[in-house]
Structures are given as structure tokens and as C-alpha cells.
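Enquirer: Sequence and predicted structure, then a few things I'm wondering about:
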Amino acid sequence: MEGLNDFIKILKEHWRFRQQLLKLAKADLIKTYRGAALGWAWAIIKPVVQIFVYWFGFQIGLRTSKVVNGYPFFLWLIAGQVPWFYMNDMLTAGTESIRKYSYLVTKMKFPVSTIPTFVSISKMTINLLLMVIVMILYVCFGFSPTIYWLQLIFYILISFGFWTTWGLLGALLAAISKDFANLVKSFVSFLFWFSGILWNPDTVKVIWLRKLLRLNPITYLVTGFRDCLINKVWFWEKPSRLLYFLIAWGAMLIMALWAYRKVRKDIPDVL
């Protein structure tokens, strides 16, 4: 019952401060690119450079397959890598969000549960812009939109929900201990290479390893975006993978509620 009460309290805090959340998300976006000569252009330049580096390394350097399920390797690559940019931001900036905006807790008594949410909104806004660019690129390459593109909305929503939940859990723990944020940062590269963003996890021949990869929420989301744009597979055609993802999300929510109940009163003093 305590967990349910905490969940209801968090929802009420979000509803009460819903207007402030949007304003703070906008302020976070402005703050991120303030002072740079190119300003908002960096929101596009940075991911484009990363995509080019991996494309060049795999297709030109390692000479990997040029076609994946009838699509150029470049299109296959961006279908998975662009969603990862948001996940990466939440693993890093989301985890450090409460410490970054500590003044909201110590000076303004702002609800601590809402801080990771407006940071998540800020990062997702940039990612939505990148996804629009991805769809435009598909059309430019001669691949018209299909009905499967509609479920991009589904994957965007569950990605936002999952990583906002992570933001709450990670930010609460990182607020108590800086070591947790450093630990998460040290695992980001591992998660990137382990999650099938640059390779297809379904091609792994070792059965137990392939099953283990399917339990990875990041793998599920990345594969989901590719199912929309390339594989033409509905999310309900893979019920077991969706179930694994929902179980992982539920477990994370329970841990986030537990952390919220245990540490929220101590955070102002720690910060």
C-alpha cells in the first residue's frame, strides 16, 4: 500500500506542476545549447557526426553488408541509433538531473519527483526532431511511409515512460551518492555495444545468449523502432518480448517508488 500511495502522490505532484514542467523542459533545452555559436544546430550536428563515424567504420572500414532486409545499411543504422541518443541522455543527464537542479529542491521546495520528468521531456523533444529527420531520409532514399510507421508512436511513448522511470530511480540514488552516477556512466558504453544497436541480436547463434539479449529493454526498444521502419512487424506479434519489457519496467517502477519513499526527505540535506 505504501508503494501505491507514493505512486499516487507522484502523479498528483506531476499534475499540480504540469505547467512548470513544460517551462522547465524548455529552459533545460535553452540551457543546454546556450553560449554555443551554432546554438540549436548542435542538437543535430552532434548525432549526425556520431552516425557518420559508425557508418564509415562499419560500411567503409569493416565492409559490412550494404543491404539489410532490402534497406541500405545506413537506414538500418539510424533506425536504431537515433532512439539510443535519447536513452543515452537519460542514462547520463537523467541520472544527474536532481544534482544538476539541486536549487529547485534546496531553495524552492520543488517536488523532487518531477525533476527527472522535465529533463526527460527536454531530451525527448530533441529525439522527436531527429526521428522526423530519419523519416524524411527514408522517403529521400525512396522508401515510402507504411502503416507500420504508425506504431512509432507506441515505441516513443513506452520509451519515454521507461526512461522517465529510470530517471526517477537513477536521479534519487545519484543525489544520495555521486558514486552511483559514475557507476552508470561507466556502463553506458557496455550497454551500447551489448544492446544490438550496431548489430542484429537475432543473428546470435548461441541460444542462451540470444535469449538473454531479448531480456534487455534497450534491445527491445531498438528492435521495435526497426520493426516499424524496416522489418514491418507489429508489436503484438512479439508478445513474449513485450511481456519481458513490461516486467522490467514494472520492476524498475517498484524500485523507484522504494527509493522515493526512503531518500526523498534526506535529499535536501545531502545536496
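Expert: Nice, I can see it. Numbers count the residues shown, from 1 in each chain.
Enquirer: what about the helices in the stretch 101-250 of the chain?
Expert: Here the stretch 101-250 of the chain has its helices, by DSSP state H, counting those that start in this stretch, at 102-106, 115-140, 152-176, 178-194, 207-214, 217-226, 239-263.
Enquirer: okay, the closest residue to residue 244 other than its chain neighbours: pLDDT?
Expert: Spatial nearest neighbour of residue 244, excluding adjacent residues (Cβ to Cβ, 6 or more residues apart in numbering): residue 215 at 5.3 Å. The C-beta positions use only the backbone N, C-alpha and C, and glycine is treated the same way. On the pLDDT scale, residue 215 is placed at 86.
Enquirer: same check, this time on residue 211
Expert: The model reports residue 211 with a pLDDT of 81.
Enquirer: Okay, it and residue 237: tell me how far apart.
Expert: Residue 211 sits 18 Å away from residue 237, going by Cβ to Cβ, to the nearest Å.
Enquirer: and if you look at residue 197?
Expert: 22 Å.
Enquirer: Between the two, tell me which one has more neighbours.
Expert: residue 197 (22 against 10; other Cβ atoms under 10 Å).
Enquirer: Surely the more buried one touches residue 222?
Expert: Yes: with contacts counted by Cβ atoms under 8 Å, residue 197 reaches residue 222, the gap being 5.5 Å.
Enquirer: Overlap of the contact sets of those two?
Expert: Contact criterion Cβ atoms under 8 Å, 6 or more residues apart in numbering; residues shared by residue 197 and residue 222: 80, 84.
Enquirer: measure residue 224 to residue 245 for me?
Expert: 9 Å.
Enquirer: More neighbours: the two, which one.
Expert: Between residue 224 and residue 245, counted using other Cβ under 10 Å, residue 224 has the larger neighbour count: 27 against 23.
Enquirer: Where does the prediction get shaky in this structure?
Expert: Flagging of the chain using pLDDT under 70 yields the residue ranges 1-3, 33-43, 55, 58-65, 269, 271.
Enquirer: Of all residues in it, which one is nearest the centre?
Expert: Centroid-nearest residue in the chain, with Cα atoms, centre = their mean: residue 87, separated by 2.4 Å.
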